[in-house]
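In: got a structure for you, letters missing:
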């Protein structure tokens, strides 16, 4: 399936990205080439589609994912220190306006 | 304390040597740090390995190591060893840039576990090393701080994304560096720069504090001048971490002691070469170098056999899809809300009309071209109508590769491939050709996809005098045996380590 400019614009919107015309001119053909490469090679693999395996070798003895161990959260002050805009206790964000696009 | 030892300057010593001398009180950590900082400051205008060299902090930390030695304490197995830390690994209280605008102003609240363990072992960070933006790349050219140069020829790339760490070690600015490897980002720059680069088994080293690129593929690993140093570093940083639920609780072996049990030869070692990759796309010099490497192992008694893993052929394509898919998910956290750059203009956040607008502006202004490309590719691969064709099939390739390589390791002890298909390429030569850039990872992606440990050891040079590497891949958690064989190969090869960059060679 070819990658069209409309498809790239849709994908960019999904990804929370804004592309300018010069970005589109460069990225669309590059993405199309990469997608073709990926699709061709992966389709050539005669394997049945199966479930995801994690990076951890599940059959290795002694290997397992460890249970989550709850720990204290980061200090609020440390978190807010990295925020671009914050009040005394919260991160501040511009208002949500559903009618406005990207 | 002596400023030099056996006629060598402290910056010429391996990490193991520095640590031994510092622990004995025969070399001060401050002297080691001063020497490496001076060396770094001498080569840095040419190499540009660092986002930031942190002289004062390094000397403070070195002085603390010396105080412990003077008090009769043991600072640890990396006592006084100057190290470079790739700037996608958090160092408490320091900026963490990932070489990207998106993390402008961000300061790490705590150190990555691997970094904390290095520090607890007495290591002295001299600076934060450069990388491809957000670890996405194979050349260290996409950093917002500018490209790093290869110390062997500053007109060429050092490889990536851990090009800064590799160049720092290769130029003798530090004997040891910490990088990260997703599809080859420790091994490929190690090969290009003539140093050792180790990717541990996925789960062997905690990823806590490593800024995520592709979580099922990312792994922290050392770059070093010697296999022994890489083993020592692994021994320090490996092990379970409650902060990373995917870190393995398998006991950490004494890797440094293991490699000290030097193999006298390779008798009894079965080395497999992958039929599907074989000499795919190799330059003539790289082909010769690889065959020569195999001959050396065979002459030392190894049995070299051809093995097959058909899924190794589509592995690069599968990696491109899976890594991009995971990256698109991981990078969704960069939105300018809780940290990093908030986009929307110099007038400030108040000028931005809406939250959505702020988020899109932040991301669009913050990400560079390669990151944007991968996020788009990943979002595409996961989107409705494409997920099964691309993401699903890539996962199937991955599952098959895991099974096939598992079966291969019933027949052989290690798989050998070239690390790279030729010497380092020229700066700027592949930036507009992403597919060719991705092909730099042809030999390194299979081990990444299968979660297996792999090490690159300098194997020779090409016709331009640029380093090449031999990659050895082991079974999961088989680092001890893998590194012992790597050390044997290192002795058999006697790769000439010479001071680079050569004086008078400018970028």
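Out: Nice, I can see it. Just so we're clear, the structure is a prediction, and the values are computed from it rather than from any experiment.
In: Return the set of buried residues in the worst-scoring helix or strand of chain A on mean pLDDT.
Out: One helix or strand of chain A scores below all others by mean pLDDT, DSSP states H and E: helix A:21-43, with a mean of 86. Across helix A:21-43, burial judged by 16 or more other C-beta atoms under 10 Å in any protein chain shown covers A:23, A:27-28, A:30-32, A:34-35, A:37-39, A:41-42. For glycine as for every other residue, the C-beta is placed from the backbone atoms N, C-alpha and C.
In: Do the helix or strand just after it and chain B come into contact?
Out: Using DSSP states H and E, the helix or strand that follows helix A:21-43 in sequence is helix A:76-81. Yes - applying C-beta under 8 Å from any C-beta of the partner chain, one finds helix A:76-81 in contact with chain B at A:78, A:79, A:81.
In: got those as CSV, with distance to residue B:184 columns?
Out: Below are the residues of helix A:76-81 next to chain B laid out as CSV (distance: C-beta to C-beta, whole Å):
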residue, distance to residue B:184
A:78, 34
A:79, 34
A:81, 35
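In: which other residues reach the lowest-mean-pLDDT helix or strand in chain B?
Out: Within chain B, no helix or strand scores below helix B:434-438, which has a mean of 87 by mean pLDDT, DSSP H and E. By C-beta atoms under 8 Å, 6 or more residues apart in numbering or on different chains, the list of residues contacting helix B:434-438 from outside reads A:30, A:33-34, A:37, B:137-139, B:316, B:320, B:370, B:373, B:430-431.
In: Could you point out which of the residues of helix A:76-81 next to chain B is nearest to chain B?
Out: residue A:78 (4.4 Å; C-beta to the nearest C-beta).
In: wait, what's in contact with the residue nearest to that closest one when sequence neighbours are not counted?
Out: Nearest non-adjacent residue to residue A:78, counting by C-beta to C-beta, 6 or more residues apart in numbering or on different chains: residue B:109, 4.4 Å away. Contact partners of residue B:109, counting by C-beta under 8 Å, 6+ apart, are A:74, A:75, A:78, A:79, A:82, B:90, B:92.
In: 7 Å - rerun?
Out: Going by C-beta atoms under 7 Å, 6 or more residues apart in numbering or on different chains, residue B:109 touches A:74, A:78, B:92.
In: surely residue B:209 meets residue B:112?
Out: Yes - assessed by C-beta atoms under 7 Å, residue B:209 is found in contact with residue B:112 at 2.4 Å.
In: shared neighbours of the two, which are they?
Out: Joint contacts of residue B:209 and residue B:112 (C-beta under 7 Å, 6+ apart) are B:89, B:90.
In: The two - which one has more neighbours?
Out: Between residue B:209 and residue B:112, residue B:112 has the larger neighbour count (other C-beta atoms under 10 Å in any protein chain shown), namely 31 against 24.
In: correct me, but the more buried one touches residue B:211?
Out: No - the pair residue B:112 and residue B:211 does not pass the contact test of C-beta under 7 Å, sitting 9.0 Å apart.
In: quick one on the thing from earlier: can you list the buried residues of helix A:21-43 in a markdown table and add distance to residue B:311?
Out: Compiled in a markdown table, those are given as follows (distance: C-beta to C-beta, whole Å):
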| residue | distance to residue B:311 |
| --- | --- |
| A:23 | 35 |
| A:27 | 30 |
| A:28 | 30 |
| A:30 | 26 |
| A:31 | 25 |
| A:32 | 25 |
| A:34 | 20 |
| A:35 | 20 |
| A:37 | 17 |
| A:38 | 15 |
| A:39 | 16 |
| A:41 | 11 |
| A:42 | 10 |
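In: residues touching residue B:12, list them.
Out: residue B:172.
In: measure it to residue B:171 for me?
Out: 12 Å (C-beta to C-beta, to the nearest Å).
In: now swap in residue B:361 and tell me
Out: Taking C-beta to C-beta, one finds residue B:361 at 39 Å from residue B:171.
In: out of the two, which sits in the busier spot?
Out: residue B:171 (28 against 22).
In: Spatially nearest residue to the more buried one (excluding sequence neighbours)?
Out: Nearest one to residue B:171, counting by C-beta to C-beta, 6+ apart, is residue B:151 at 4.1 Å.
In: residues contacting that neighbour?
Out: By C-beta under 7 Å, 6+ apart, the neighbours of residue B:151 are B:47, B:167, B:170, B:171, B:193, B:500, B:501.
In: one more time with 10 Å, if that's ok
Out: If a contact means C-beta atoms under 10 Å, 6 or more residues apart in numbering or on different chains, then residue B:151 has B:43, B:46-47, B:49, B:158, B:166-173, B:192-195, B:467, B:499-502, B:505 as its contacts.
In: go on, residue B:105?
Out: Going by C-beta under 10 Å, 6+ apart, residue B:105 touches A:81, A:82, A:83, A:84, B:95, B:97, B:339, B:340, B:341, B:342.
In: try residue B:463
Out: Per C-beta under 10 Å, 6+ apart, neighbours of residue B:463: B:283, B:284, B:285, B:286, B:288, B:422, B:423.
In: where does the chain dip in pLDDT?
Out: This is for chain A. A:1, A:42, A:44-68, A:97-102 (pLDDT under 70).
In: My question was about chain B, not that one.
Out: In chain B, residues with pLDDT under 70: B:1-5, B:345-353, B:499, B:502-507.
In: For stretch B:294-313, list every residue counted as buried.
Out: B:294, B:296, B:297, B:300, B:302, B:304, B:307, B:309, B:310, B:311, B:312, B:313.
In: Residue B:149: neighbour count?
Out: 28.
In: what's around residue B:436, how many residues?
Out: Residue B:436 has 12 nearby residues by other C-beta under 10 Å.
In: same question but for residue B:284, I mixed them up
Out: 10.
In: Span of stretch B:373-392 from start to end?
Out: 20 Å (C-alpha to C-alpha, to the nearest Å).
In: Quickly check: it near chain A or not.
Out: Yes - contact of stretch B:373-392 with chain A (C-beta under 10 Å from any C-beta of the partner chain) involves B:373-386, B:388-392.
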